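A.B. asks: Here's my sequence, what's the structure:
(chains A and B)
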Amino acid sequence: GENVEQHPSTLSVQEGDSAVIKCTYSDSASNYFPWYKQELGKRPQLIIDIRSNVGEKKDQRIAVTLNKTAKHFSLHITETQPEDSAVYFCAASTAWAGGTSYGKLTFGQGTILTVHP
Amino acid sequence: NAGVTQTPKFQVLKTGQSMTLQCAQDMNHNSMYWYRQDPGMGLRLIYYSASEGTTDKGEVPNGYNVSRLNKREFSLRLESAAPSQTSVYFCASSGWDGYYGYTFGSGTRLTVV
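C.D. replies: Model (predicted):
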């Protein structure tokens, strides 16, 4: 089955700095890579995702890059703010397959991001 | 539109007791999932249901059973709770909403003493 490794496990930055979280996956058939943000005591919330036919995707201060050859993908947060402090999870699945909606996600172990004011 | 509703939010069980976690979604999603979340281990898949009428084991199914009651509801049962099942449990559903995202329930914090 799929295995997703996520690094670092903790990341501390100053407000305004950039933060980068990296993930690698093992199954070359995986084609859908979402990122989730989980605030303390809350449910994970999707913040951005990327499909295997795209190399990069941006949404305001966050971006995700995908290198299919190396089987790794990364989350980039620019101009970090204290409200970005949370646990971030990457995930991988074969969800995107010709229009089907099914795909069980395999998650990374999570990164605790702390943004200091 | 409530999304994914999980009950209960908190539960304390004694070792050996049984209980059922309930999950319902109102987004007309085909697929539903149960995950457990433990510190430093991310979210691990317990069971999933790709569509109504089907269920399959995930990564950590031992000690659990599931029922896909209908398209909306997917329950998780602990027949004889063990301290190792102390965790936060999340139900999720997925379908085509313009993206292939999961929608998570609010979670159940279970403690087995």
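
A.B. asks: Relative to A:D84, how far out is A:K58?
C.D. replies: Distance of A:K58 to A:D84, computed by CB to CB, to the nearest Å: 16 Å. Where you see a C-beta, it was placed from the backbone N, CA and C, and this is true even at glycine.

A.B. asks: which secondary element of chain B has the worst mean pLDDT?
C.D. replies: Using mean pLDDT, DSSP states H and E, the weakest-scoring helix or strand in chain B turns out to be strand B:102-104, at a mean of 89.

A.B. asks: Sheet partners, orientation included, of that strand?
C.D. replies: Paired strands of strand B:102-104, with direction, are strand B:87-94 (antiparallel) (DSSP bridges).

A.B. asks: and the partner strand, what's its mean pLDDT?
C.D. replies: The pLDDT scores in strand B:87-94 average 95.

A.B. asks: I'd say B:T54 and B:R68 touch.
C.D. replies: Yes. Between B:T54 and B:R68 a contact is recorded at 7.1 Å, counting by CB atoms under 8 Å.

A.B. asks: out of the two, which sits in the busier spot?
C.D. replies: Neighbour count, other CB atoms under 10 Å in any protein chain shown: between B:T54 and B:R68, B:R68 has more, with 20 against 12.

A.B. asks: That one pairs with what?
C.D. replies: B:F74.

A.B. asks: Around chain B, which positions in chain A sit nearby?
C.D. replies: Contact residues (CB under 8 Å from any CB of the partner chain) of chain A with chain B: A:1, A:6, A:9, A:32, A:34, A:42-46, A:49, A:89, A:93, A:95-96, A:99, A:101-110.

A.B. asks: The same query, at a cut-off of 10 Å, please.
C.D. replies: For chain A, the residues found near chain B under the criterion CB under 10 Å from any CB of the partner chain are A:1-2, A:4, A:6, A:9, A:31-32, A:34, A:36, A:38, A:41-46, A:49, A:51, A:87, A:89-91, A:93, A:95-97, A:99-110, A:112.

A.B. asks: And the helices in the chain, which stretches?
C.D. replies: Because you didn't say which chain, this covers chain A. Assigned by DSSP state H, chain A shows no helices.

A.B. asks: Pull up the gap between B:G101 and A:S93, please.
C.D. replies: Shown here: B:G101 relative to A:S93, a distance of 11 Å by CB to CB.

A.B. asks: Check which residues of the helix or strand harbouring B:L45 are buried.
C.D. replies: Using DSSP states H and E, B:L45 sits in strand B:43-49. For strand B:43-49, a neighbour-count test (16 or more other CB atoms under 10 Å in any protein chain shown) marks B:L43, B:R44, B:L45, B:I46, B:Y47, B:Y48, B:S49 as buried.

A.B. asks: Tell me where chain B has strands.
C.D. replies: Using DSSP state E, the strands found in chain B span residues B:4-7, B:10-13, B:19-25, B:31-37, B:43-49, B:56-57, B:64-68, B:74-78, B:87-94, B:102-104, B:108-112.

A.B. asks: my guess is B:T103 contacts A:Q45, does it?
C.D. replies: Yes. Taking CB atoms under 10 Å as the definition, B:T103 is a contact partner of A:Q45 at 9.2 Å.

A.B. asks: picking that back up, and B:G101 and A:S93? Which one has more around it.
C.D. replies: Between B:G101 and A:S93, counted using other CB under 10 Å, A:S93 has the larger neighbour count: 25 against 20.
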